[in-house]
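# After the sequence you'll find the predicted model.
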Amino acid sequence: MRKFTNYILLIAAVMLISGTIFADGKDSKKRPKNMGSLTVKTSPVSYPVRVDGQMIGMSGVDTPAEFYLAPGIHKMEVEFPNGKMFTKDIDIKRDAKNCVCLKFVENTITRPCPYDVRIDGPDSVIEGDLITFAAFNAVTSSTTPINYKWVVSPEAAKITSGLGTSAITIDTTGLGGQTVSATLDVTDDIYGAKCFQNIAINTQVIKQKVPEPRRFDEFESQAFDDDKARLDTFVIELQNNPDSQGYIIMYQGTDATSMRSRKVEVLNKRTLDYLVNTRGIDPRRIWIVEGGKRVKTMYELWIIPPGAQPPVPAP
């Protein structure tokens with residue numbers, strides 16, 4: 001509930017008496033020569049009085065306050081609470097009295113705001129996912145149109161849709177490890193000054209972990225039947241990870257046995273034929289490359305998960 005206050009200025013009486021000459025006596029002795037008089041009385045309390053922009057005193061309550069002014073047109077202002085102002089041009093004549101009586105009435109009405117907006121959004125998302133922040137009005141019976149003004153940070157956070165509406169979508173690409181903040185200003189065209197809301201919400205963007213290749217096995221080539229036993233475990237791992245690729249690096253041995261009976265060109269063909277035709281692995285999932293030189297002919301078996309880059313053969 002918020003309090004709405006309406007101010008009503010009632011002019012109980014405004015008497016601008018021009019040409020009324022002061023009677024001789026006590027008043028005429030106080031009054032400066034060739035001047036006119038302005039009296040101001042207000043209710044329920046005294047308020048500041050200005051003439052031609054200058055403060056000249058406070059109004060009277062039970063007895064009017066009297067001010068002496070030079071003849072001519074003067075702008076009179078009485079300043080009431082909350083910036084309310086009574087303004088009147090007064091024609092001051094010599095030896096004449098001008099009387100102003102005002103009553104200020106404060107009418108207070110208490111009623112609920114037509115909106116009480118909340119924001120829903122995720123606590124965290126993975127980098128690259130979209131964030132949706134949605135505002136809803138908890139005052140379900142409200143029919144007042146609501147204005148939505150969104151501001152997001154950091155600067156790199158981009159609103160992809162929803163500006164000016166109750167829900168926005170933000171692209172988190174490149175925001176891994178940061179917090180996306182959304183601030184919403186809520187107003188309407190009727191009660192905006194009284195019911196204005198400023199709401200904020202945060203979502204953590206979790207940095208996307210970059211997948212890396214995994215070395216599964218490394219061994220010296222023996223008789224091919226022995227090599228197949230190690231390749232069989234590689235096949236099982238590929239079957240357990242159907243989205244991954246198999247990557248084999250072959251290193252040519254430089255000793256006499258390797259150069260005679262374990263040449264990588266021959267082993268490459270045998271290995272591919274065994275994995276595809278005997279063990280049933282899709283050939284599109286197998287890469288076999290030649291690396292550098294080793295003393296013995298060697299196999300390196302790698303599992304490459306989606307998004308990972310294959311390893312670079314060691315020199």
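Yep, it's here.

# Val51 and Lys75 touch, don't they?
Yes - counting by Cβ atoms under 8 Å, Val51 touches Lys75, with 7.0 Å between them. The way it works is simple: take the backbone N, C-alpha and C, and place the C-beta from them, glycine included.

# When the two are compared, which one has more neighbours?
Of the pair Val51 and Lys75, Val51 is the one with more neighbours under other Cβ atoms under 10 Å, namely 18 against 12.

# list the contacts for that one?
Applying Cβ atoms under 8 Å, 6 or more residues apart in numbering, we find Val51 in contact with 38, 67, 69, 74-77.

# Please repeat the previous calculation with a cut-off of 7 Å.
Val51 is in contact with 69, 74-76, counting by Cβ atoms under 7 Å, 6 or more residues apart in numbering.

# List the beta-bridge partners for it.
Counting by DSSP bridges, Val51 is bridged to Gln54, Met76.

# Report pLDDT for it.
You'll see Val51 listed with a pLDDT of 95.

# Assumed Glu265 was part of a strand.
No - if the criterion is DSSP: H, G, I helix; E, B strand; the rest coil, then Glu265 is helix and not within a strand.

# how far away is it from Trp302?
20 Å (Cβ to Cβ, to the nearest Å).

# So between these two, which is more surrounded?
Neighbour totals were compared for Glu265 and Trp302, and Trp302 leads with 21 against 9 (other Cβ under 10 Å).

# residue contacts, the more buried one?
Applying Cβ under 7 Å, 6+ apart, we find Trp302 in contact with 213-216, 247, 310-311.

# Over to Asp62?
Not one residue lies near Asp62 by Cβ under 7 Å, 6+ apart.

# From Ser46, how far out is it?
Asp62 sits 10 Å away from Ser46, going by Cβ to Cβ.

# And the pLDDT at the residue nearest the centre of the chain?
Centroid-nearest residue in the chain: Ala182, 2.1 Å away (criterion: Cα atoms, centre = their mean). You'll see Ala182 listed with a pLDDT of 96.

# List the residues that contact it.
Contact partners of Ala182, counting by Cβ under 7 Å, 6+ apart, are 133, 150, 152, 168, 200-201.

# for stretch 112-119, which positions count as buried?
Neighbour counts over stretch 112-119 (16 or more other Cβ atoms under 10 Å) mark 113-115, 117, 119 as buried.

# swap in stretch 298-305?
For stretch 298-305, by 16+ other Cβ under 10 Å, it's 298-304.

# how about those residues in CSV, adding distance to Gln208, pLDDT and secondary structure?
Formatted as CSV, those follow (distance: Cβ to Cβ, whole Å; pLDDT from 0 to 100; DSSP: H, G, I helix; E, B strand; the rest coil):
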residue, distance to Gln208, pLDDT, secondary structure
Met298, 34, 96, strand
Tyr299, 32, 97, strand
Glu300, 27, 97, strand
Leu301, 27, 98, strand
Trp302, 22, 98, strand
Ile303, 20, 97, strand
Ile304, 17, 97, strand
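
# and which of those is nearest Leu275?
Using Cβ to Cβ, Leu301 comes nearest to Leu275 of these, at 10.6 Å.

# Distance-wise, check the closest one relative to Lys93.
Distance, Leu301 to Lys93, using Cβ to Cβ: 111 Å.

# So Val276, which state does it fall into?
Classification of Val276 using three-state DSSP returns helix.

# lowest average confidence, helix or strand, in the protein?
strand 2-16 (a mean of 41; mean pLDDT, DSSP states H and E).

# hang on, the earlier thing: among the contacts of Val51, which pair sits farthest apart?
Farthest-apart pair in the contacts of Val51 is Leu69 and Lys75; separation 11.2 Å (Cβ to Cβ).

# in stretch 120-131, what's buried?
Buried, per 16+ other Cβ under 10 Å, within stretch 120-131: 121, 125, 127, 129, 131.

# Do you know the pLDDT at Phe42?
To be clear, residue 42 is Thr; Phe isn't right here. As predicted, Thr42 sits at a pLDDT of 93.

# Next: Lys30.
pLDDT for Lys30: 66.

# again, but for Pro145
Confidence score, pLDDT, at Pro145: 87.

# Excluding residues flanking it in the chain, which one is nearest it?
Leaving aside its chain neighbours, Pro145 sits nearest to Asp188 (6.1 Å; criterion: Cβ to Cβ, 6 or more residues apart in numbering).

# just Thr42 next, same as before
Thr42 sits nearest to Ser59 (Cβ to Cβ, 6+ apart), 4.2 Å away.

# phi, psi of the one you found?
phi -70, psi 160 (degrees, to the nearest 10).

# show me where this structure has helices.
Assigned by DSSP state H, the helices in the chain fall at 26-30, 192-195, 224-240, 256-261, 264-273.

# Could you tell me how many residues sit around Asp273?
Residues contacting Asp273 under the criterion other Cβ under 10 Å number 10.

# can you pull the contacts of Ile168?
Taking Cβ under 7 Å, 6+ apart as the criterion, Ile168 is in contact with 133, 150, 159, 161-162, 182.

# Thank you, goodbye.
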